[in-house]
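1. Here is a sequence with its predicted model. Questions after.
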There are 2 protein chains.
Amino acid sequence: MTSQGQKEEVTLTQFLDSVAGPSATPGGGSVSALAGCLGAALVEMVINLTLGKKGFAAQEAELQKIREEAHSYREALTGTVEQDSLAYQAVMNAFLLPKKTDEEKRKRKEQIQHALKRAADPPLFTAATSLKVLKLCQEAVEKGNPNTISDAAVGALLADAALGGGIFNVLINLSALEDKHFAEKMKKELQRLEAEGEAIKKAIFSRIKEKINYP
Amino acid sequence: MTSQGQKEEVTLTQFLDSVAGPSATPGGGSVSALAGCLGAALVEMVINLTLGKKGFAAQEAELQKIREEAHSYREALTGTVEQDSLAYQAVMNAFLLPKKTDEEKRKRKEQIQHALKRAADPPLFTAATSLKVLKLCQEAVEKGNPNTISDAAVGALLADAALGGGIFNVLINLSALEDKHFAEKMKKELQRLEAEGEAIKKAIFSRIKEKINYP
């Protein structure tokens, strides 16, 4: 993750400052991707604090597979933190194109619509990948070291926030799209992701509350 | 935010790696505090993209107040990212105390109980402060630039995840506490925070879905 145009890595404080600042990027789309990264990192932590512990030897291969998957989703979502900002900047740039002649107006409108469609990709990826992270959190709750259950719980909360955040960011783009067929198809996909996520989240938290004996 | 014992700021990638790694800190408690920071930063962003825009001149003082509050919560929660790890390390250190003689056993047990009680403070602070951030997200949805509604939505998702994460981290400590009176009192406070958060979250999202015309 690099700050806009710079090669060096941004610090946590720099990232928070750049979110808070008066520019539209990084915004909710990038923060959603980061939430997915944090959820995936917590799954990796749970597995790292489970592997090698007494009573988990038989599940070693299965646990390693969960950790590998979580790591690959984290890497992919780390890239999306920046891609989301870049895709949104392309939308803003298209709005800045000249619009004096009819030809310029036509070209500008075409560019805006093109950029809007492309800007839906990063948050859709965040939503779909965070749903996968949420599924891994469910496995971490079931199969991980019981001492790490609150870490798995926080992982699930972050993955769920990332899924919801991705969905909102796609929706916002769709509302300005003229290709209503594309928008409807996308909306159906979002509703499917949302419904699946809600069912898994409910299952995870009723299981966790059962395990920690909280109403 | 500094990595353990170091003065320099950690980068996003370093923080994610240290969450994922095989040590118990930073874990779900620190990630919850960071989620609260991200929610607060998004409120600041919404206000920064609202102030000075046409149609918002009359609300300037009110908007500035929201931004100031969000900023102070972000600063406080930034400190909690590290405090949570330190408080949990104190619990782990207490478990490592010698336990050969009866006197050592008594002292160790006393230290563990003391550290457990103190370790409830950072996640309780995260939960209570993130609830305040969630309330600011509600104001941001109502009073902010409509173009930033998905940023306010993601802010609310993150603040809500931070609230839930703080709650789980306090609960985990309580389960090992011998002072059942303290534990019961704390549980009631957590249930109050949870219920208030759920009501606000529900209100925010029914309002947002209404505004963006999503079922």
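-> Nice, thanks for sending it over.

2. where does chain A have low pLDDT?
-> A:1-8 (pLDDT under 70).

3. what's the distance between whichever strand or helix holds residue A:171 and the middle of its chain?
-> Using DSSP states H and E, residue A:171 sits in helix A:149-175. Mean C-alpha position of helix A:149-175 versus that of the full chain (Cα atoms, centre = their mean, to the nearest Å) differs by 6 Å.

4. Next: stretch A:125-139.
-> That offset, for stretch A:125-139, works out to 8 Å (Cα atoms, centre = their mean).

5. Could you give me the buried positions within it?
-> For stretch A:125-139, a neighbour-count test (16 or more other Cβ atoms under 10 Å in any protein chain shown) marks A:125-127, A:129-139 as buried. (Each C-beta comes from the backbone N, C-alpha and C, glycine too.)

6. on contacts alone, who are the packing partners of the helix holding residue A:171?
-> Packing contacts for helix A:149-175, counted by 3 or more Cβ pairs under 8 Å, 6 or more residues apart in numbering or on different chains; DSSP states H and E, involve helix A:28-48, helix A:60-95, helix A:102-119, helix A:121-143, helix A:180-212, helix B:28-48, helix B:149-174, helix B:180-212.

7. returning to what we had before: Throw the buried residues of stretch A:125-139 into JSON lines and include distance to residue B:103, thanks.
-> What follows is these, written out as JSON lines (distance: Cβ to Cβ, whole Å):
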{"residue": "A:125", "distance to residue B:103": "59"}
{"residue": "A:126", "distance to residue B:103": "55"}
{"residue": "A:127", "distance to residue B:103": "57"}
{"residue": "A:129", "distance to residue B:103": "54"}
{"residue": "A:130", "distance to residue B:103": "51"}
{"residue": "A:131", "distance to residue B:103": "54"}
{"residue": "A:132", "distance to residue B:103": "52"}
{"residue": "A:133", "distance to residue B:103": "48"}
{"residue": "A:134", "distance to residue B:103": "48"}
{"residue": "A:135", "distance to residue B:103": "50"}
{"residue": "A:136", "distance to residue B:103": "46"}
{"residue": "A:137", "distance to residue B:103": "43"}
{"residue": "A:138", "distance to residue B:103": "45"}
{"residue": "A:139", "distance to residue B:103": "44"}
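
8. Kindly reformat those as a markdown table and extend each row with distance to chain B.
-> Below are these laid out as a markdown table (distance: Cβ to the nearest Cβ, whole Å):
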| residue | distance to chain B |
| --- | --- |
| A:125 | 15 |
| A:126 | 10 |
| A:127 | 12 |
| A:129 | 15 |
| A:130 | 11 |
| A:131 | 14 |
| A:132 | 16 |
| A:133 | 12 |
| A:134 | 12 |
| A:135 | 17 |
| A:136 | 12 |
| A:137 | 11 |
| A:138 | 15 |
| A:139 | 16 |
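
9. Can you tell me, leaving aside adjacent residues, what's nearest to residue A:176?
-> residue A:116 (5.7 Å; Cβ to Cβ, 6 or more residues apart in numbering or on different chains).

10. close to chain B, is stretch A:32-48?
-> Yes. Stretch A:32-48 reaches chain B (Cβ under 8 Å from any Cβ of the partner chain) through A:32, A:34, A:35, A:37, A:38, A:40, A:41, A:42, A:44, A:45, A:48.

11. Next, give phi and psi for residue A:179.
-> As for residue A:179, its main-chain torsions (degrees, to the nearest 10) stand at phi -80, psi 90.

12. how many neighbours does it have?
-> Using other Cβ atoms under 10 Å in any protein chain shown, residue A:179 has 13 neighbouring residues.

13. just residue A:48 next, same as before
-> 19.

14. Return the backbone torsion pair for the closest residue to it other than its chain neighbours.
-> Nearest residue to residue A:48, sequence neighbours excluded (Cβ to Cβ, 6+ apart): residue B:22, at 3.8 Å. With angles defined as degrees, to the nearest 10, residue B:22 sits at phi -80, psi 20.

15. Might you report the residue contacts of the residue nearest to residue A:91 when sequence neighbours are not counted?
-> Closest residue to residue A:91 apart from its sequence neighbours, by Cβ to Cβ, 6+ apart: residue A:115 at 4.4 Å. Contacts for residue A:115 (Cβ atoms under 8 Å, 6 or more residues apart in numbering or on different chains) come out as A:87, A:90, A:91, A:93, A:94.

16. Can you give me the distance of the second one to chain B?
-> Separation of residue A:90 from chain B (Cβ to the nearest Cβ, to the nearest Å) stands at 17 Å.

17. ok, that residue - how many residues close by?
-> Using other Cβ under 10 Å: residue A:90 sits among 16 other residues.

18. hang on, isn't it packed against residue A:118?
-> Yes. When contacts are counted by Cβ atoms under 8 Å, residue A:90 is listed as touching residue A:118 (6.7 Å).

19. separation between the residue nearest to residue A:176 and residue A:184?
-> 15 Å (Cβ to Cβ, to the nearest Å).
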